[in-house]
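[1] Sequence below, structure please.
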Amino acid sequence: MAWVYLLLAGILEVIWAYYMKQSHGFTRLVPSAVTVVTMIASFGLLAVAMRSLPLGTAYTIWTGIGAVGAFIVGVVVLGEQLTAMRIGAAVLIVSGLVLMKLSSSS
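    Sure thing, here's the model as predicted:
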C-alpha cells in the first residue's frame, strides 16, 4: 500500500506544481488554494509512505514523479519547448527511478 500512497503523492506533486504556475506567484486565489491543499496532501501521503519505505527510495521516487510529471504537463498543457536534451534528461530521471525501485527491499 505504501507504493500506492507514494504514487498518489507524486501525482499530487505534479498537480500542485501546475497550479503554482497558474497562481502567478500566489496572486490568484483559486490556483493558490489548490496549490496549498494539494501540497499538504502530497506531503501527507509521502509521510505515510515513508512509514514502511526507505527515506532515499521514497523521496527520490516522489521527486522524480513530480519532476517528470511537471515536465510532461509543461510540454503538453503549457506548450513548453520539447528538445532532445530535455527528453534525454527525463529518460535519465525515469531510469534512476526504476533503479531506485529495484534496489528497494520494500
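[2] Next one: M50 from L8, what distance?
    As for M50, its distance to L8 is 14 Å (criterion: Cβ to Cβ, to the nearest Å). (C-beta placed from N, C-alpha, C; glycine too.)
[3] host element of the most centrally placed residue in the chain?
    With distances taken as Cα atoms, centre = their mean, the chain has G66 as the residue nearest its mean C-alpha position (1.7 Å). Element membership of G66 [criterion: DSSP states H and E] is helix 55-76.
[4] which residues make contact with the helix or strand just after that helix from outside it?
    Sequence-wise, the next helix or strand beyond helix 55-76 is helix 84-103, with elements assigned using DSSP H and E. Contacts to helix 84-103, defined as Cβ atoms under 8 Å, 6 or more residues apart in numbering, come from residues 56-57, 60-61, 64-65, 67-68, 71-72.
[5] List only those of those residues flagged as buried.
    Of the members of these, the ones counted as buried by neighbours, 16 or more other Cβ atoms under 10 Å, are 57, 60-61, 64-65, 67-68, 71.
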